[in-house]
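Chemist: When you get a sec, could you give me coordinates for this:
(chains A, B, C, D, E and F)
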Number of protein chains: 6
Amino acid sequence: MRPSGRSLDQMRSISIETGVTRYAEGSCLIRVGNTHVLCTASVEDKPPPFLRNSGQGWVTAEYGMLPRATHTRGRREAASGKQSGRTQEIQRLIGRSLRAVVDRQALGERQITVDCDVIQADGGTRCAAITGGWVALRLAMNHLMAKGIVTSDPMMDHVAAISCGIYAGQNVLDLDYDEDSAAGTDGNFVITGRGKLVEVQASAEGAPFAFDDLSALLALAAKGTAELVAAQKAAVEK
Amino acid sequence: MRPSGRSLDQMRSISIETGVTRYAEGSCLIRVGNTHVLCTASVEDKPPPFLRNSGQGWVTAEYGMLPRATHTRGRREAASGKQSGRTQEIQRLIGRSLRAVVDRQALGERQITVDCDVIQADGGTRCAAITGGWVALRLAMNHLMAKGIVTSDPMMDHVAAISCGIYAGQNVLDLDYDEDSAAGTDGNFVITGRGKLVEVQASAEGAPFAFDDLSALLALAAKGTAELVAAQKAAVEK
Amino acid sequence: MRPSGRSLDQMRSISIETGVTRYAEGSCLIRVGNTHVLCTASVEDKPPPFLRNSGQGWVTAEYGMLPRATHTRGRREAASGKQSGRTQEIQRLIGRSLRAVVDRQALGERQITVDCDVIQADGGTRCAAITGGWVALRLAMNHLMAKGIVTSDPMMDHVAAISCGIYAGQNVLDLDYDEDSAAGTDGNFVITGRGKLVEVQASAEGAPFAFDDLSALLALAAKGTAELVAAQKAAVEK
Amino acid sequence: MRPSGRSLDQMRSISIETGVTRYAEGSCLIRVGNTHVLCTASVEDKPPPFLRNSGQGWVTAEYGMLPRATHTRGRREAASGKQSGRTQEIQRLIGRSLRAVVDRQALGERQITVDCDVIQADGGTRCAAITGGWVALRLAMNHLMAKGIVTSDPMMDHVAAISCGIYAGQNVLDLDYDEDSAAGTDGNFVITGRGKLVEVQASAEGAPFAFDDLSALLALAAKGTAELVAAQKAAVEK
Amino acid sequence: MRPSGRSLDQMRSISIETGVTRYAEGSCLIRVGNTHVLCTASVEDKPPPFLRNSGQGWVTAEYGMLPRATHTRGRREAASGKQSGRTQEIQRLIGRSLRAVVDRQALGERQITVDCDVIQADGGTRCAAITGGWVALRLAMNHLMAKGIVTSDPMMDHVAAISCGIYAGQNVLDLDYDEDSAAGTDGNFVITGRGKLVEVQASAEGAPFAFDDLSALLALAAKGTAELVAAQKAAVEK
Amino acid sequence: MRPSGRSLDQMRSISIETGVTRYAEGSCLIRVGNTHVLCTASVEDKPPPFLRNSGQGWVTAEYGMLPRATHTRGRREAASGKQSGRTQEIQRLIGRSLRAVVDRQALGERQITVDCDVIQADGGTRCAAITGGWVALRLAMNHLMAKGIVTSDPMMDHVAAISCGIYAGQNVLDLDYDEDSAAGTDGNFVITGRGKLVEVQASAEGAPFAFDDLSALLALAAKGTAELVAAQKAAVEK
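Modeler: Below is the predicted model of the structure:
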């Protein structure tokens, strides 16, 4: 019944390849089905101005999509002269999600910027960006600890994200583009390794949805993010 | 225990004054405690380009805040040359929320722009904007129907929004600024007159939250939006 | 003969309501007929960079119009990414007019920004903004003096503004939108409480005008601004 | 008593050289003392969008200043990404002034853009731009009439502009930079060949000024613009 | 003597992987040593406005660099709101180079946009972009011909590019970042498969260079581009 | 055979008038045939931020074109809100060319900005800008040395630039607009007084060109720049 033939609670195949760029302190290429996102974490040795002399660091994120990541070419944001509202919304979400599991005191007065650039998009790019962004961030923290720059691990937990929605009247896990563009309700769920919620965003694209639907989507999301966390663990332990 | 002395599930006082501007097809000034938002609905007799010859109309929203709506003066967005990511995020949310209860076929090939300008801000401006925006939109629809331009009512239901969150470890309804800036978790809930969900956005500002917390916040939101819907009814029936 | 039925030298009704916002150090809502402008004065405790260590303060103004303040909705300047030439021209005029009656030495090294936001526009918005802006500024100065931050009153005089023009061949006082859009000549006159000129701007919209016409318009303006100054006095003495 | 040694009602030397660029339909280099402005009039064979099918044409103006036209280098507006409020104010003034003496029906559905670029600035650049802009426009009209494109002369009169002000307590004609930067009151007066007013802009830079001062400045301006009109006549008759 | 240990006329290793994205009509990932550029060619079924009804098509290019493609993170151009002068210069060069070998009449009224996004940068990114861009374009042309949309092959020749320069007093082929940042003279040479020049850009970074040096660099470039053309052939024949 | 009747290796007439503006430390108006460029050099007594405390100075350039410098009016870059890619490319070239003959240590910690504004354009504006820019820079250096601010001459050599190209199958020197717009190959050559190369930029506008063509164009350029250097000498010795 799903265009991809997956069962209702079945994720797409997940692959997380680390160390994909030569210069970034942490990096990975995450593939969730045909959605491919390149994530890099860049360490800067001073915090943003509002944290000077606070003893705390900062983690922020930027998001972009290559013009031909999608079925038809989109306009390059650098050429149009501004980031769309959608882009800004997404990168704010990624930043908040990652900060939720970082001990900024332990990080100290430095900033890590996680860049998430979508190479190919087939739905769920913001969720893949959060999940892969965590891996890049984890590796950058390892780098800081290996160098003795940071002594106490700032990573407090895993965090991963997945979209769930109501497609053709059914609650399904991990929407791909075909499902996403036809879904009646669509939600993004950001969940920690210990199964707590960091962010919930659910929208009725068509008819409003019931409180029970939200509960059902949350249950699917819990299953999906558990699988993503397992993939993160495998990736960083390699 | 709440700074305002309200009980945990108590809304601030609500006032919705209609017909506050001379020119708009629908307008109101909504006051939720010290948060005051001026909402106008402007009808344009053609749809946006992507709906030409579709038989359907469109409802969109814009959001702004007067520079001194807040404790300290903020920079005027027109002067800084762009709308912030926060502003864009909010106006996209308002638009989606209102469209969720509009029959765009019944509206026909025209566009209604709902402007929500915050005169004074004490937390919950986006929720007040959705709730008041619905009233302005309802009045503009009445205007189109009274003139015979639209024959079948495009409004399918009420929609209202409220923020809830975890403040000092307690789940509370309708956060004001003092609570909002200190809350561990903060959510905005957009709910229809029939009690269905249109949009859920909940964020851990501090520690991640449990699935049960989300359920508790949803229950508070259902109570609050029911009160807001009652206030909408009273306002438009005057 | 005037669309409103007023006599040639008759002002519209004037109302100035003070203290309309909770946070600004000074504020008022001025209504000149159907033109309504919300004015706030915001004090910042340091001067602009070019006045550092000069012993002097600064007063500046910003002007905006809500999108649906007018008969048809105008584009939001924050969305279009810049302030129009008209907006910049007006806010420069407001700032110059207010500074003309401020002793910047007495103010000391601080800045006051007067925001004038047009809620509803029926002609004469820049004049109403100057007249109401003075009230907001006066109240902010009172606030600074009451707190002992400023010891010698920086306000040297009142200042108010009115438009006059040649409508249907007659010199008329206080043009409303219907008159303004049809006037052959249109002028804005900024005059102090003691009856001196701060700024004169008169333009032939159609045929050039005679030197005598200018004298006649000045006489009308003197009458009008005297009435506005009386209204300012009444408002701040309340 | 004037820094330049001129008498109170003495203009600087005026020179208007026509035909200074090879391509423009009309052009001149106007020199008013050390203020030098290059003016070109460019004809486009269609009107701006808002005049399509109106039978009328349009005259507009743009103003710029070379970065080192002044004592110290100013930032290039093209590099800073926008025209300043001052630039926009000036080019709107030039356009209004020129349109006041053009019969737009006789011009027909075409647009003439008058570019005024300040090569060297010593005060009074906007006035020189209007005076020289008229010459460029006149020559472009001659060109259109010589080619038979326009049959009835659209130029209804001359228009010229001069600044006057109160310098060291005296009313003086044609302020140069030294006077302008020290003047208590400063005005720009746009006057036709028949001695009618097109635009009056007078500002108190310091103390407010009396109604009688304005009259005195107007009288000086009438003298100055008469001399400028004579120079225009001489230039276009060559 | 070269930091990489290469001989003076030795290229870095070249790899061109085709078909790397799912949606683009043509794509490749080109690696020249540690410089990695993702190139996609996107076909749009109408020409740019200036070629409507001309019977001719257009090929254009855009260039971007991921923020952490380099040793230290650079600012994202979409966030800074404009493309740098360097980016614009490079994308104009890529477009001109590719158009030099395209028969735009044979292409017909359509546009192909070649996006070159630098994933990792170690010098020579613009040259790699041209070389890889040709491959993506060639594949897109194959696609159009396979579908029968284009009947006569629009590709008239290969085109490839290489940088050469004077490093430590020696003429060297294919500068990497270490050499590029220290080179006294640096040139980019765009050469066709038949050994003709499309573009030559050589700059003295330090001391001016002799005419003979330019001849020597051209000879190196001829050798290098012949190797790149061989790699292009191997890649598209797979 | 050339539209202008010139022989293949004949320059247009050259004129360099110095001291054309009152305020700049160095200035000239260079005329190469009908191409006229006003060049000014402005000294600022501090270096750009990246050279603070380096003991070195900087020379930079900006380029602009008056809207009606060309056959048809172009859009004013200040009005369109950004400099085109072409403008940026040109001003970067001018800056690099001039810096190639400046001893920045001898200049010391100051910055000279060379503004090149095209008053009239008939091809070759960037080359005229470099040649005239050198004269303005030389005069500004003379000024600094005459005042004793700089003691050792920072100018190490002359630099001049000329375009050459293949027009109607022939190699020609100093392309004018008619030739430039029809040329098959077009190059700009920046050459020092001692006959060394600073910059070579040659492009195939139509068919790719042979290595021998480039040699022939270089020989023409050497002849042309020698004549330009002679004109520079004559101009600065006056």
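Chemist: Just give the nearest non-adjacent residue to residue A:143, would you?
Modeler: Leaving aside its chain neighbours, residue A:143 sits nearest to residue A:25 (4.6 Å; criterion: CB to CB, 6 or more residues apart in numbering or on different chains). C-beta: built from backbone N, CA, C; applies to glycine.
Chemist: My guess is that neighbour contacts residue A:39. True?
Modeler: No. Look at residue A:25 against residue A:39 with CB atoms under 8 Å: they stay out of range, at 11.9 Å.
Chemist: Quick check: pLDDT value at the residue nearest to residue A:143.
Modeler: On pLDDT, residue A:25 comes in at 98.
Chemist: contacting residues around it?
Modeler: By CB atoms under 8 Å, 6 or more residues apart in numbering or on different chains, the contact set of residue A:25 is A:41-43, A:112, A:139-140, A:143-144.
Chemist: Over to it: give its phi and psi.
Modeler: Per-residue torsions, residue A:25: phi -70, psi -30 (degrees, to the nearest 10).
Chemist: Kindly report the same for the one 5 residues further on.
Modeler: Backbone torsions of residue A:30, given as degrees, to the nearest 10, read phi -100, psi 130.
Chemist: okay, now it: neighbour count?
Modeler: 30 (other CB atoms under 10 Å in any protein chain shown).
Chemist: related to what we said a few turns ago, helices - which of the contacts of residue A:25 land there?
Modeler: Among those, the members found in helices (DSSP state H) are A:139-140, A:143-144.
Chemist: and which of those residues is nearest residue A:96?
Modeler: residue A:140 (18.1 Å; CB to CB).
Chemist: If I look at the closest one, what pLDDT would I see?
Modeler: Predicted confidence (pLDDT) for residue A:140: 98.
Chemist: Contact partners for it?
Modeler: By CB under 8 Å, 6+ apart, the neighbours of residue A:140 are A:24-26, A:41-43, A:112.
Chemist: try 6 Å this time
Modeler: Residues counted as contacts of residue A:140 (CB atoms under 6 Å, 6 or more residues apart in numbering or on different chains) are A:25-26, A:41, A:43, A:112.
Chemist: again with residue A:109
Modeler: A:47, A:57.
Chemist: and it, what element?
Modeler: Under the criterion DSSP states H and E, no helix or strand holds residue A:109.
Chemist: And it, how close does it get to chain E?
Modeler: 18 Å (CB to the nearest CB, to the nearest Å).
Chemist: before we move on, what about residue A:107?
Modeler: 17 Å.
Chemist: Looks like that residue contacts residue A:55 (just checking).
Modeler: No. Between residue A:107 and residue A:55 there is no contact under CB atoms under 6 Å: 9.9 Å.
Chemist: Comparing these two, which residue is more hemmed in?
Modeler: A direct count of neighbours by other CB under 10 Å for residue A:107 and residue A:55 places residue A:107 higher, at 25 against 11.
Chemist: three-state assignment of the residue of chain A found nearest chain C?
Modeler: Of all residues in chain A, residue A:82 sits closest to chain C, at 8.2 Å by CB to the nearest CB. Using DSSP: H, G, I helix; E, B strand; the rest coil, the structure places residue A:82 in coil.
Chemist: Work out the gap between the least confident helix or strand in chain A by mean pLDDT and the centre of the chain.
Modeler: One helix or strand of chain A scores below all others by mean pLDDT, DSSP states H and E: helix A:77-80, with a mean of 88. Centroid displacement of helix A:77-80 relative to its chain, using CA atoms, centre = their mean, to the nearest Å, is 23 Å.
Chemist: quick one: the residue in chain A positioned nearest to chain F from residue E:81, how far?
Modeler: Going by CB to the nearest CB, chain F is nearest to residue A:81 of chain A, at 8.2 Å. Residue A:81 is 5 Å from residue E:81, where distance means CB to CB, to the nearest Å.
Chemist: Also residue A:9?
Modeler: 43 Å.
Chemist: next one: residue A:165
Modeler: Residue A:165 is 34 Å from residue E:81, by CB to CB.
Chemist: Comparing those two, which residue is more hemmed in?
Modeler: Remark: of residue A:165 and residue E:81, residue A:165 carries more neighbours, 27 against 16, as counted by other CB under 10 Å.
Chemist: so which helix or strand takes in that one?
Modeler: Residue A:165 is part of strand A:159-167, with elements assigned from DSSP H and E.
Chemist: what does residue A:220 give?
Modeler: Applying DSSP H and E as the criterion places residue A:220 in helix A:211-237.
Chemist: helices and strands around that helix, which ones?
Modeler: Applying 3 or more CB pairs under 6 Å, 6 or more residues apart in numbering or on different chains; DSSP states H and E, one finds that helix A:211-237 contacts strand A:14-18, helix A:125-146, strand A:159-167, strand A:170-173, strand A:185-192.
Chemist: out of those, deepest packed?
Modeler: Greatest average neighbour count among the helices and strands packed on helix A:211-237 goes to strand A:159-167 (a mean of 28), per mean count of other CB atoms under 10 Å in any protein chain shown.
Chemist: Which strands and helices lie in contact with that strand?
Modeler: Looks like strand A:159-167 contacts helix A:125-146, strand A:185-192, helix A:211-237 (3+ CB pairs under 6 Å, 6+ apart).
Chemist: Pop out the phi and psi values for the spatially closest residue to residue A:125 that is not a sequence neighbour.
Modeler: The spatially closest residue to residue A:125, leaving aside those adjacent along the chain, is residue A:118, at 4.8 Å (CB to CB, 6+ apart). Here is the backbone geometry of residue A:118 (degrees, to the nearest 10): phi -80, psi 120.
Chemist: what residues are up against residue A:118?
Modeler: Counted by CB under 6 Å, 6+ apart, residue A:118 has contacts A:37, A:65, A:69, A:125.
Chemist: Please work out how many residues are found near residue A:9.
Modeler: The tally of other residues near residue A:9 (other CB under 10 Å) stands at 14.
Chemist: now the helices and strands packed on helix A:211-237 as a markdown table including distance to residue C:220?
Modeler: Below are these laid out as a markdown table (distance: least, CB to CB, whole Å):
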| stretch | distance to residue C:220 |
| --- | --- |
| strand A:14-18 | 77 |
| helix A:125-146 | 62 |
| strand A:159-167 | 67 |
| strand A:170-173 | 72 |
| strand A:185-192 | 63 |
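Chemist: what does chain A put close to chain B?
Modeler: Counting by CB under 6 Å from any CB of the partner chain, the residues of chain A close to chain B are A:85, A:88-89, A:92, A:100, A:192, A:196-204, A:208-209.
Chemist: How much space separates residue A:144 from residue A:108?
Modeler: With CB to CB as the criterion, residue A:144 and residue A:108 are 9 Å apart.
Chemist: Keep only those of the residues of chain A next to chain B that are in strands.
Modeler: A:192, A:197-204 (DSSP state E).
Chemist: Who wins on neighbours among those?
Modeler: Neighbour max across these (other CB under 10 Å) = residue A:198, 28 neighbours.
Chemist: give me the number of residues near residue A:180?
Modeler: Using other CB under 10 Å, residue A:180 has 16 neighbouring residues.
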